[in-house]
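Undergrad: How does the following fold in three dimensions:
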Amino acid sequence: MNRRILWMLPVGVAAAAAATALASSGDGPTLTNVPNANTKSVGYAPASMLSPELRQVVVAQGSTRVENPDPATISYYGYDNDKLNSDGQPVMVPVGGLAEAKKTEPDKNTYLVFKKGLGGADPNYDYGTHFLFQGHEIGTPGYITRINLDADAAHRVTVLATSDSSGAPIADIDGSTWDPWAQRLLFTTENANAPTYAATPGYPSTVTDVSGALGRGGFEGIQNDSAGNIWIVEDIGGANKPGTTSKIPNSFVYRYVPRSPGDLQNGKLEALQVLNASGAPITVESQTAVNSPDQLAVHTYGNSLKTKWVVVHDTAVNGTAPFNANVAAKAAHATPFKRPENGLFKPGSHFGEFYFDETGDTTATSVENDMAGGWGSVMKLTQSSPNAETGTLSMFYRADETTASFDNVAFLSQNTISFVQDAGDALHSQANALDSAFALDTTADYSNPATKPIRWLAEGRDPSATIDSGTPGTGNEGDNEITGLHVSDGDPTSEGILGAKIPNLNDGNWRWFYTQQHGDNFTFEVLPVSPGERQGNR
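TA: Here you go, the predicted structure:
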């Protein structure tokens, strides 16, 4: 098909009873609001609902056989070989008393285009030039896959690595990005006891532990800036505040400053410190009380709080042994948040505006939901440059029950930012709503209750996830989750860092992906619906 069908040009934020469309000043799509999330019900497997301007196609799914299977570990994109049937195939559906194989949950997507292409397991095959990389969040061992978007079915998915350069099994992976200076993929593990990795994109991939410089933590989101720094967003839930289900903020935003761009062995890891109105650091200790003044200040519209970066580890001083970044950040009096998960620089901001989300407490019973970040939020960090030592933090968006628990993020245009939910089964049941994906206008004022995000995806639940949700003891996650949201033109040079270019979905070089995690583990590409297709559906 021709990917160069033009998106409808956005024209503004409009609200109407029947349909609401998000508009921005970039080349992004106009998105008609999907009015409601899909509901959760026992045995109910509703289809996903997209804005009518969109459609999606599967580029890989859990049951896609990899081109280089290993009977002892992995034969399919989204399954371990830990539970096999009599034919030696992983059990994908629990029938006949058979236990399910472990579903490996491909996570963050990173899209790259290499002019010379990349080799694969078949030395005689041309794999093309367009590739989508993932680490897998669950299973033993962890592993890295590459979807070869130009390839046939037999060569569609390649397992790039299951062990690192030392021979150790790869830990389960969460976030990923591409460092154009190092010419390496970077992978995070959301585990303070597991490495942070750098990996080559070809087959087989050489995977090295870089946590002697970047550290280990509950790392999830990871991105470069134009100066060659690496920004890392951590997701570790804190302890409950006494007598409540509200969590103490426990996770940090980091910036790794290499000795020179691309150096993953030598540099400083810094953590963001936010100052309150009195000029004192906002710390774990100042946020242990329920609805503490510091926590309320961070989550109040209109507040602009000063920030600075504090060093938590310097290889020139502290050496290159792996270290726990979370412990070091607390010791440096950095500012923790309620499970920040991912962040991106606003395109066109010259890497001066960084938006990151907080997933929050993921429960309807948190006493901090309404005013102190329990439902989650989106923060905006503003600096004069990516290297600046100081800046300001303000709350861009405070979530409610409908939009709770933001996770992955992508810019669809210069001013349109999209976040997807990871609310989890418990909150799905409390709210009677499955996850959704939303688009927000960075020029809008969300302190005005009338200004609402636009839901472009109401995620459904595939039958496999429905079985897992309703059947205790499967060993797999339940409801589907939206993850791996990614918009990129695949440029592997420093000009292609996310935030360096203004996304233009009118240009067929720009592509939009996400993964429906859990269940059947579909990875989708999102595409426009042409006017002719829409008329044909009337």
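Undergrad: who's in contact with Met92?
TA: Applying CB atoms under 8 Å, 6 or more residues apart in numbering, we find Met92 in contact with 62-63, 79, 100-101, 464. Just so you know, the C-beta spots here come from the backbone N, C-alpha and C atoms, and that holds for glycine as well.
Undergrad: ok, it to Asn521 distance?
TA: To Asn521, Met92 is 10 Å away according to CB to CB, to the nearest Å.
Undergrad: Overlap in contacts, these two.
TA: When CB under 8 Å, 6+ apart defines a contact, the residues bordering Met92 and Asn521 alike are Gly62.
Undergrad: residues in contact with Val253?
TA: Each residue near Val253 by CB under 8 Å, 6+ apart is listed here: 231-234, 271-272, 337, 340, 343, 356, 381.
Undergrad: one more time with 10 Å, if that's ok
TA: By CB atoms under 10 Å, 6 or more residues apart in numbering, Val253 lies in contact with 221, 231-234, 270-274, 307, 309, 329, 334-337, 340, 343, 354, 356, 379, 381, 393.
Undergrad: again with Tyr79
TA: Counting by CB under 10 Å, 6+ apart, Tyr79 touches 62-64, 89-92, 100-104, 139, 476, 521.
Undergrad: By mean pLDDT, which helix or strand of this protein comes out lowest?
TA: In the chain, no helix or strand scores lower on mean pLDDT, DSSP states H and E than strand 21-22, which sits at a mean of 58.
Undergrad: where's the residue of the chain lying at maximal distance from its centre relative to Leu98, distance?
TA: When distances are taken from the C-alpha mean of the chain, Ser86 lies farthest, 37.1 Å away, according to CA atoms, centre = their mean. Separation of Ser86 from Leu98 (CB to CB): 9 Å.
Undergrad: Helices of the stretch 401-538 of the chain, start to end?
TA: Remark: helices assigned in the stretch 401-538 of the chain by DSSP state H, counting those that start in this stretch are 424-431, 463-470, 531-536.
Undergrad: Which of those helices sits closest to Pro201?
TA: Between Pro201 and the helices of the stretch 401-538 of the chain, the shortest gap by CB to CB is with helix 463-470, which sits at 30.2 Å.
Undergrad: What residues sit buried inside that closest one?
TA: 464-469 (16 or more other CB atoms under 10 Å).
Undergrad: can you check stretch 440-448 too?
TA: Residues of stretch 440-448 classed as buried under the neighbour-count rule (16+ other CB under 10 Å) are 440-442, 444, 446.
Undergrad: residues in contact with the residue farthest from the centre of the chain?
TA: Counting by CB under 10 Å, 6+ apart, the residues that Ser86 touches are Leu98.
Undergrad: which residue is nearest the centroid of the protein?
TA: Centroid-nearest residue in the chain, with CA atoms, centre = their mean: Asn408, separated by 3.2 Å.
Undergrad: quick one: the strands in the stretch 101-250 of the chain?
TA: All strands of the stretch 101-250 of the chain, identified by DSSP state E, counting those that start in this stretch, fall at 110-113, 130-135, 144-148, 157-161, 176-179, 184-187, 197-199, 207-209, 219-224, 230-234.
Undergrad: Ok, which of those comes nearest Val58?
TA: Closest to Val58 of these is strand 144-148 (CB to CB; 10.6 Å).
Undergrad: now the closest one, how far from the centre of its chain.
TA: Centre-to-centre, strand 144-148 and its host chain are 17 Å apart (CA atoms, centre = their mean, to the nearest Å).
Undergrad: could you dump it to CSV, C-alpha only?
TA: Extracted in CSV, the C-alpha atoms of strand 144-148 (Å, rounded to 0.1, in the frame of the first residue of the first chain):
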residue,chain,number,x,y,z
ILE,A,144,16.4,-8.5,22.1
THR,A,145,14.4,-8.9,18.9
ARG,A,146,14.4,-7.0,15.6
ILE,A,147,11.3,-6.9,13.4
ASN,A,148,12.6,-6.7,9.8
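Undergrad: Measure how it sits relative to strand 157-161, angle-wise.
TA: Between strand 144-148 and strand 157-161, the angle comes out at 150 degrees (axes from the mean of the first three to the mean of the last three CA atoms, to 10 degrees).
Undergrad: same for strand 144-148, what does it pack against?
TA: On a contact count with 3 or more CB pairs under 10 Å, 6 or more residues apart in numbering; DSSP states H and E, strand 144-148 meets strand 54-60, strand 65-70, strand 110-113, strand 130-135, strand 157-161, strand 184-187, strand 522-528.
Undergrad: could you redo the last one with a cut-off of 7 Å?
TA: Contacts defined by 3 or more CB pairs under 7 Å, 6 or more residues apart in numbering; DSSP states H and E place strand 144-148 against strand 130-135, strand 157-161.
Undergrad: Parallel or antiparallel, which strands does it pair with?
TA: Sheet pairing for strand 144-148, assigned by DSSP bridges, gives strand 130-135 (antiparallel), strand 157-161 (antiparallel).
Undergrad: Just the residues contacting that strand, thanks.
TA: Residues outside strand 144-148 that contact it (CB atoms under 7 Å, 6 or more residues apart in numbering): 59-60, 77, 106, 120, 127-128, 131-136, 155-161, 170, 173, 187, 199, 205, 523.
Undergrad: now it: mean pLDDT?
TA: Averaged over strand 144-148, pLDDT sits at 98.
Undergrad: Which one of the helices and strands packed on strand 144-148 lies nearest to Asp294?
TA: Set against Asp294 and scored by CB to CB, the helices and strands packed on strand 144-148 come closest in strand 130-135, at 34.7 Å.
Undergrad: related to what we said a few turns ago, so which of the contacts of Tyr79 sit within helices?
TA: Using DSSP state H, no member of those falls within helices.
Undergrad: residues contacting Gly499?
TA: Contact analysis of Gly499 by CB under 7 Å, 6+ apart lists 344-347, 351.
Undergrad: Find the nearest non-adjacent residue to it, please.
TA: Excluding the flanking residues, the one nearest Gly499 by CB to CB, 6 or more residues apart in numbering is Phe345, at 3.2 Å.
Undergrad: How about the contacts made by the one you found?
TA: 225, 351, 353-354, 498-499.
Undergrad: got a markdown table for those residues, with pLDDT and distance to Asn415 too?
TA: A markdown table is the format used below for the contacts of Phe345 (pLDDT from 0 to 100; distance: CB to CB, whole Å):
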| residue | pLDDT | distance to Asn415 |
| --- | --- | --- |
| Asp225 | 98 | 20 |
| Phe351 | 98 | 16 |
| Glu353 | 98 | 11 |
| Phe354 | 98 | 15 |
| Leu498 | 98 | 15 |
| Gly499 | 98 | 13 |
